[in-house]
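I'd like to go over a predicted model; first the sequence, then the structure.
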Amino acid sequence: MNSEIMNPKELQKMDPVFGQYSFDNHEQIVFCNDKDTGLKAIIGIHNTVLGPALGGTRMWNYANEWEALNDVLRLSRGMTFKAAITELNLGGGKAVIIGDAKTQKTPELMKRFAEFVDSLSGRYITAEDVGMTTKDMDIVRETTPYVTGISESKGGSGNPSPVTAYGVFMGMKAAAKFQFGSDILENKKVFVQGVGSVGESLVEHLINEGANVTITDISKERLTEVSSKYEVNIYEGQDLFSEDMDIYAPCALGATVNDDTINKIKAKVIAGAANNQLAEENKHGKILQDRGIVYAPDFLINAGGLINVYAELENYDRQETMRKTENIYNTTLEILNNAKTNNITANTAAMNMAKERIETRKRENLK
Ligand SMILES: NC(=O)c1ccc[n+]([C@@H]2O[C@H](COP(=O)([O-])OP(=O)(O)OC[C@H]3O[C@@H](n4cnc5c(N)ncnc54)[C@H](O)[C@@H]3O)[C@@H](O)[C@H]2O)c1
């Protein structure tokens, strides 16, 4: 089964839940509703073979429930493979809260959401994602132990974004090594799309290495903030994908590699933090392969944040977290070489490796 962004009209043609294109054998889906706080959330538990399903909560103003369901299914499925390929003993899950994080997120709503997470008795462990902060996770922690990514002052590992950015940087270097023969990014023309928490931290690594960085964001505030700290160019054009660049780093939302953009892309490497960068992973992965564009699978190179929150559960330290994150370099090279040898897409090679780990554990569990 593939995972695909689809428009709500297409989604509505399928059966409402089990028949959805991105359902892909989810173990459990929990719909959470609370009239008093206005909470409307969906928790997706994709697979728990390797351990409890861990994945962040996203709060987003979805156009409708179809979009929210499609998003949670795609994201939680991605978490299964992210944990597996990173060799963490975790399953895949994710939650979405439907609403505007700026105007509708209240402590009461977060508390009610935490009660739903708690009711799953640890099958699902939450963390932050888009629209959520460490402070929100601290509120969740008051109600349930099944949360990570809480403040360092409360015994947590703090903001995972810098660790995510470090992993993306390592994955990008490995992809550069594979494509250009060297992992040194000095003078490489890199476009970072989205300079939020991860994007900004990635910019810092790139600038330190001497890359030629251009940033783009829908938020003028973020562009001003980041460009005041680092020597970057701000993208003023209308069509980022047609621009000459060596590396495209999607660090905003997913599905930016799609039917409209894929044939325009001039970058030789795509490596970024966003989840589900390929709108249709098989189709768009193949077009990238045919066009000789090296794609560093998103769920592999953006796993630093997951490694960081996992440390909270396993009590391992910062050094070990960074060592595991640095290893993303080796795994990325291994995947890209494997894809080349077997003439498959990098995404398929990464999925195969992740699925193999899950299948092996399943067999072991049956013994
Ligand atoms: N934070 C983590 O540790 C982590 C881990 C794994 C994956 N990710 C993924 O990485 C991405 C970035 O995460 P983040 O924590 O930095 O989020 P964030 O919300 O801090 O930053 C996202 C940035 O993208 C900008 N943006 C949104 N739409 C855009 C568009 N169309 N064009 C340009 N900019 C746009 C926003 O204005 C914002 O500045 C997300 O897709 C997230 O799911 C994050």
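That came through fine.

which SSE is the residue nearest to residue 107 when sequence neighbours are not counted in?
Excluding its sequence neighbours, the residue lying closest to residue 107 (C-beta to C-beta, 6 or more residues apart in numbering) is residue 139, at 5.5 Å. Glycine gets a C-beta too; all of them are placed from N, C-alpha and C. Secondary structure from DSSP states H and E places residue 139 in helix 134-141.

give me the distance between that helix and the centre of its chain.
How far helix 134-141 lies from its chain's middle: 20 Å, per C-alpha atoms, centre = their mean, to the nearest Å.

start at 25, not 1
Sure, I'll start counting at 25 from here, so that last one is helix 158-165.

what lies in contact with it?
For helix 158-165, the external contacting residues (C-beta atoms under 8 Å, 6 or more residues apart in numbering) are 129, 131, 134-135, 137-138, 141, 150-152, 171-175, 178, 180, 182-183.

which residues does the closest residue to the ligand within the stretch 275-391 of the chain contact?
At 2.9 Å from the ligand, residue 329 is the closest residue in the stretch 275-391 of the chain, using C-beta to the nearest ligand atom. Contacts for residue 329 (C-beta under 8 Å, 6+ apart) come out as 151, 184, 185, 187, 188, 191, 222.

pLDDT score for the fifth one?
The confidence metric pLDDT takes the value 96 at residue 188.

also the first one?
Among the per-residue scores, residue 151 shows a pLDDT of 94.

before we move on, back to that, report the buried members of the contacts of helix 158-165.
Among those, the ones that count as buried by 16 or more other C-beta atoms under 10 Å are 129, 134-135, 137-138, 141, 150-152, 171-175, 180, 182-183.

re the thing from before, the residue nearest to residue 131: neighbour count?
20 (other C-beta atoms under 10 Å).

distance of it relative to residue 134?
To residue 134, residue 163 is 4 Å away according to C-beta to C-beta, to the nearest Å.

please apply the same query to residue 337.
Taking C-beta to C-beta as the measure, residue 337 falls 21 Å from residue 134.

identify the residues contacting stretch 132-152?
52, 54, 56, 58, 60-63, 65, 67, 69, 72, 76-81, 117, 119, 121, 158, 160-161, 163-173, 184, 329, 333, 337.

thinking again about what came up before, helices - which of the contacts of residue 329 land there?
If you go by DSSP state H, these have 185, 187, 188, 191, 222 in helices.

highest neighbour count among these?
Among those, the one with the most neighbours (other C-beta under 10 Å) is residue 191, at 31 neighbours.

what does the stretch 175-324 of the chain have sitting close to the ligand?
With C-beta under 6 Å from any ligand atom as the criterion, the stretch 175-324 of the chain comes near the ligand at residues 184-185, 188, 217-223, 240-243, 246, 275-277, 297-299.

hang on, the earlier thing: could I have the buried ones of the contacts of stretch 132-152 as ChimeraX selection syntax?
Those of the contacts of stretch 132-152 that count as buried under 16+ other C-beta under 10 Å are selected in ChimeraX with:
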select :54,56,58,61,62,63,65,67,69,72,76,77,78,79,80,81,117,119,121,158,160,161,163,164,165,167,168,170,171,172,173,184,329,333,337
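
which of the contacts of stretch 132-152 fall within helices?
Assigned to helices by DSSP H, the following of the contacts of stretch 132-152 qualify: 158, 160, 161, 163, 164, 165, 329, 333, 337.

which among the residues you listed gets closest to residue 32?
Comparing the ones in helices among the contacts of stretch 132-152 against residue 32 with C-beta to C-beta places residue 160 closest, at 27.5 Å.

what's near enough to touch residue 349?
Neighbour list for residue 349: 187, 190, 191, 194, 327, 328, 331, 332 [criterion: C-beta under 8 Å, 6+ apart].

which two among these are spaced furthest apart?
Spanning the widest gap among the contacts of residue 349 are 194 and 332, at 13.8 Å by C-beta to C-beta.

look at the two and report which has more neighbours.
Between residue 194 and residue 332, counted using other C-beta under 10 Å, the more crowded position is residue 332 (28 against 24).

pLDDT at the more buried one, what is it?
Looking at residue 332, its pLDDT reads 92.

list the contacts for the residue nearest to the spatial centre of the chain?
Computing the C-alpha centroid of the chain and ranking residues by C-alpha atoms, centre = their mean puts residue 299 first, at 3.3 Å. Residue 299 makes contact with 98, 99, 102, 278, 322, 323, 326, according to C-beta under 8 Å, 6+ apart.

please report how far the one residue in the stretch 75-224 of the chain that gets nearest to the ligand lies from residue 240.
Using C-beta to the nearest ligand atom, the closest approach of the stretch 75-224 of the chain to the ligand is made by residue 220 at 1.7 Å. According to C-beta to C-beta, residue 220 stands 12 Å off from residue 240.

ok, those two, which is more surrounded?
A direct count of neighbours by other C-beta under 10 Å for residue 220 and residue 240 places residue 240 higher, at 21 against 16.

the closest residue to that one other than its chain neighbours: how many residues sit nearby?
Once flanking residues are discounted, residue 240 sits nearest to residue 259: 4.0 Å by C-beta to C-beta, 6+ apart. Look at residue 259: counted by other C-beta under 10 Å, it has 17 neighbours.
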